[in-house]
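In: structure here, sequence nowhere to be found:
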């Protein structure tokens, strides 16, 4: 049986699943009921699974092929966001202040759809397919949490995942090799100056002035320190200082994030920022603290895996649905998996103005064209079958 033919068979089911999960969003590491709902669907398919007992959220299911072979994992994230929904859809969130505003409800449906398809083509599977329903992607912590659960990650030889993407027209798929999503590292800067009266600045060490100088000096990292061909961003997202209009502040706290694509840039960014921050503060007679925390590594697709993914898209949807998409500076904790195992991360287009699926991810008005999700399920399933057959 061709996987392509099964896409149409399960399209209505997959759409219904997405809309069901959309109504009951749960936040990162709180997806206990979501996990139970996923388990109930797997029970219907007679697919065995284990729920991660550490927080009772997230699960790993296993589909054994009828022939021996290697092992592969397919992953979906399952958490929602602190967003009050304004999409206007008839199946809006039933949980006030919580919404699947990034499309993880669609990811759950896609992977459950892939499970349905894979059960129909078990005789074509040479090996084992793990289905990973992962919590807390929005915190950047869910993949590490699931990697410690059981021995599935040690067992697998490859991993595939994806994200519905509003910047791609509905039905288009991007699976290019190489850099796809950026690393994201968080940092905090604390300035220690000397407070005083606004009329006597000469008796103070103004933390606001020093913080401002640091903000401007850090911008030269991107413009003068790195090769213009390197994509790097240094963002100061917040500055907190001062208590009153006529008191010169002696303390300031800044927070921000860096973005980059080459793994080796992380340490250099930290060292360069620290040098600029400390020396700028010193030049003004102040001291500084700098805390730099690596959060998410870059998402980099393995060339061989991307080639198999592209072939899977052609088989299931047709060559005209393959799309070239520029890499994005957003981050994705799927990268932690691919730091250790080869794999591919795909983008599935969901943009469709005719149904008002035009708003960005994380917007309260976010919506998606869920008619294309069954095709994504087919790509997931085809990738698993083809990768295992290629490596049997």
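Out: Yep, it's here. Since we're looking at a predicted model, the values are computed, not measured.
In: just to check, residue 266 is in contact with residue 294?
Out: Yes - with contact defined as C-beta atoms under 8 Å, residue 266 counts as touching residue 294 (5.9 Å). Backbone N, C-alpha and C define where each C-beta goes, glycine included.
In: overlap in contacts of those two?
Out: Common contacts of residue 266 and residue 294 (C-beta atoms under 8 Å, 6 or more residues apart in numbering): 183, 185.
In: mind listing the helices for the stretch 151-300 of the chain?
Out: 152-155, 207-220, 265-283 (DSSP state H, counting those that start in this stretch).
In: and those, which is most packed in?
Out: helix 207-220 (a mean of 19; mean count of other C-beta atoms under 10 Å).
In: what does that one rub up against?
Out: Helix 207-220 is contacted from outside by 189, 191-193, 195, 234, 236, 239, 241-242, 248-252, 254, 273, 276-277, 280-281, 284, 286, 288, using C-beta under 8 Å, 6+ apart.
In: in ChimeraX, select just the buried ones from the residues you listed.
Out: Only the buried entries of the contacts of helix 207-220 go into this ChimeraX selection, using 16 or more other C-beta atoms under 10 Å:
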select :189,191,193,195,234,236,239,241,242,248,249,250,251,252,254,273,276,277,280,281,284,286,288
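In: which of the contacts of helix 207-220 fall in strands?
Out: 189, 191-192, 234, 236, 239, 241, 248, 251-252, 254, 288 (DSSP state E).
In: what is the nearest of those residues to residue 199?
Out: Of all the ones in strands among the contacts of helix 207-220, residue 199 sits closest to residue 248, with 9.4 Å by C-beta to C-beta.
In: pretty sure that closest one is touching residue 201, no?
Out: Yes - using C-beta under 8 Å, residue 248 is in contact with residue 201, at 6.0 Å.
In: shaky segments in this structure?
Out: By pLDDT under 70, the chain has no low-scoring segment.
In: geometric centre of it: which residue is closest?
Out: Nearest to the mean C-alpha position of the chain, by C-alpha atoms, centre = their mean, lies residue 332 at 2.7 Å.
In: pull the residues that contact whichever strand or helix holds residue 304.
Out: Element membership for residue 304, per DSSP states H and E: helix 303-316. With contacts defined as C-beta under 8 Å, 6+ apart, helix 303-316 is touched by 3-4, 7, 158, 160, 173, 175-178, 319, 321-322, 342-344, 346, 375, 378-379, 382-383, 386-387, 390.
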